[in-house]
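Visitor: coordinates only, sequence not included:
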């Protein structure tokens with residue numbers, strides 16, 4: 001669910017190439033996100049699951065495309081057995097990224 005307001009220059013630039021520094025739009029382009037609409041639909045969960053998008057890259061993308069937004073991962077109290085299932089291969093990476101975001105924000 002995304003209730004964010006669009007970046008003021010979204011209407012002026014249909015692609016991310018004009019809005020983001022080269023290293024950030026390349027990361028998104030490698031993951032199939034080339035337009036502002038795609039980035040908005042992917043924020044925050046899908047962005048966190050992408051290869052090469054760690055806490056710092058995520059925060060830079062967030063600052064550039066979603067000013068005023070600050071995604072705060074929910075606190076995890078324990079690990080459910082279903083989380084340990086081998087069929088959910090992306091879940092551990094997602095959790096590691098969420099934990100890294102929490103640590104990064106505490107600095």
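Guide: Received the coordinates, thanks. Everything quoted here is computed from the prediction, not taken from an experiment.
Visitor: how deep is residue 28 tucked in, by neighbour count?
Guide: 24 (other Cβ atoms under 10 Å). Every residue, glycine included, has its C-beta placed from N, CA and C.
Visitor: Helix or strand for it, just tell me which one.
Guide: Using DSSP states H and E, residue 28 sits within helix 22-30.
Visitor: contacts for that helix?
Guide: 15-17, 19-20, 34, 39, 50-53, 57, 60-61, 64 (Cβ atoms under 8 Å, 6 or more residues apart in numbering).
Visitor: among the residues you listed, who's most crowded?
Guide: Counting by other Cβ under 10 Å, top hit in those: residue 61 with 25 neighbours.
Visitor: Which of the three states applies to that residue?
Guide: helix (DSSP: H, G, I helix; E, B strand; the rest coil).
Visitor: measure the nearest residue to it once chain neighbours are set aside to residue 63 for me?
Guide: Spatially, and ignoring its direct neighbours in sequence, residue 61 is nearest to residue 24 (5.8 Å; Cβ to Cβ, 6 or more residues apart in numbering). Distance of residue 24 to residue 63, computed by Cβ to Cβ, to the nearest Å: 10 Å.
Visitor: ok so, going back, which one of the contacts of helix 22-30 is nearest residue 74?
Guide: The shortest approach to residue 74 among the contacts of helix 22-30 belongs to residue 53, at 18.6 Å (Cβ to Cβ).
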